[in-house]
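Engineer: Just to be clear, the model below is a prediction. Sequence and coordinates:
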Amino acid sequence: MGFVPVADGVLVRTSRRMSTTTTLVLGPSRAASVRAALLVDPAWEADELVAVADDVEALGARVVAGFSTHAHHDHLLWHPRYGAGVVRWASAATVRAVAERREALLAELTTDVAYPPEVLELFARVTPLPGDQVPDADSELPATRVIVHDAHASGHTALWLPDSGVLVVGDMLSDIEIPLPFDVGETIAELSAYLAGLDRLASWVAQARVLVPGHGTPSSRPVERLDADRRYLDAVLAGRRADDPRLVDPAMLAEHERVLRVVAGMHGRGGVSAQGREHRADRRRGEGDEHEGRQTLPERPDHG
Ligand SMILES: [Zn+2]
């Protein structure tokens, strides 16, 4: 499947592997010139990376900048045909994580997928962002605000496109993946960072017209995605059964078990209730009525 528009000047393409999303943000069309483009998280298998280049050409576009939302192997790919010298931006924390884990990330990438050497050479060559916008020295691209947090991975970054109302959220707010808090460990700190990340995204989600997740399907009802993830985490933190349709996927069920293990560890230390309440209290302070609305959701039966 080629690129599909989700808003004016924003297109997505879905990989056969884990429904991974490649996002293309086009600059304004100018007569007799190719359109500049920002290419986000191109994925995943070698032939798909080539197909992305073919599609960009067919759209009459030229990649002038790249972006990696976070330091996981499926979000750090590139192909020489996008431009070997094109700058690929990422948050400073993402660049640090890549520097520390490059060999491990390469090993994960090539566990069961083969790539030509020129693709491996360009893997994870990211540059730290200088500010809170994707740089655009020649004013060729739509304004792109970056929202950095530490949910899912240190320095994980969402992109806000105010002109089109699109929020590109990386590996968050997916219709096929439950919240995945654990990156390098399996810790309470990562779970806390995840809750903080959701809170950080909330105001952008509220104003977005379209949400583009790193895996799964774009949505024209972004708030529903945020509510689903909070419902899941609230249930898990409260020790209630998480009745979530995404758990039909065995891989997600395994991730769910990890979350339950960490929450059980918090319970063991008597910390879960306090910590869960604290997060909910923070959210209440930050969001007013939206929280009250969620409070009216029916409680699920307690399965222990
Ligand atoms: Zn990821």
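Structural biologist: Thanks, I have it. Predicted model only: the values in this text are computed from it and were never measured.

Engineer: Can you pull the residues of this protein lying near the ion?
Structural biologist: 72, 171 (C-beta under 5 Å from the ion). Glycine gets a C-beta too; all of them are placed from N, C-alpha and C.

Engineer: Strands of the chain, residue ranges please.
Structural biologist: All strands of the chain, identified by DSSP state E, fall at 4-7, 10-14, 21-26, 35-40, 61-67, 88-90, 127-128, 145-149, 156-161, 166-170, 210-213.

Engineer: and the first one, which strands flank it?
Structural biologist: Sheet pairing for strand 4-7, assigned by DSSP bridges, gives strand 10-14 (antiparallel).

Engineer: Flag every buried residue along the partner strand.
Structural biologist: Across strand 10-14, burial judged by 16 or more other C-beta atoms under 10 Å covers 10-14.

Engineer: just curious, which of those residues is nearest to Ala84?
Structural biologist: Closest approach to Ala84 among those (C-beta to C-beta): Arg13, at 20.8 Å.

Engineer: Quick check, the closest one in contact with Ser19.
Structural biologist: No: between Arg13 and Ser19 there is no contact under C-beta atoms under 8 Å: 10.8 Å.

Engineer: leaving aside the residues next to it on the chain, what's closest to the residue in the stretch 101-250 of the chain that the ion sits nearest to?
Structural biologist: The stretch 101-250 of the chain approaches the ion most closely through Asp171 (3.7 Å), counting by C-beta to the ion. The shortest distance from Asp171 to any non-neighbouring residue, by C-beta to C-beta, 6 or more residues apart in numbering, is to Gly214 (4.3 Å).

Engineer: And Gly83, by the same measure?
Structural biologist: Val63 (5.5 Å).

Engineer: Let me see the contact set for the one you found.
Structural biologist: Val63 makes contacts with 37-39, 56, 82-83, 86, as judged by C-beta atoms under 8 Å, 6 or more residues apart in numbering.

Engineer: most surrounded residue in those?
Structural biologist: Neighbour counts for these (other C-beta atoms under 10 Å) peak at Leu38, which has 27 neighbours.

Engineer: neighbours of the nearest residue to it once chain neighbours are set aside, just the number please.
Structural biologist: Once flanking residues are discounted, Leu38 sits nearest to Val25: 4.2 Å by C-beta to C-beta, 6+ apart. Around Val25 there are 26 other residues, counting by other C-beta under 10 Å.
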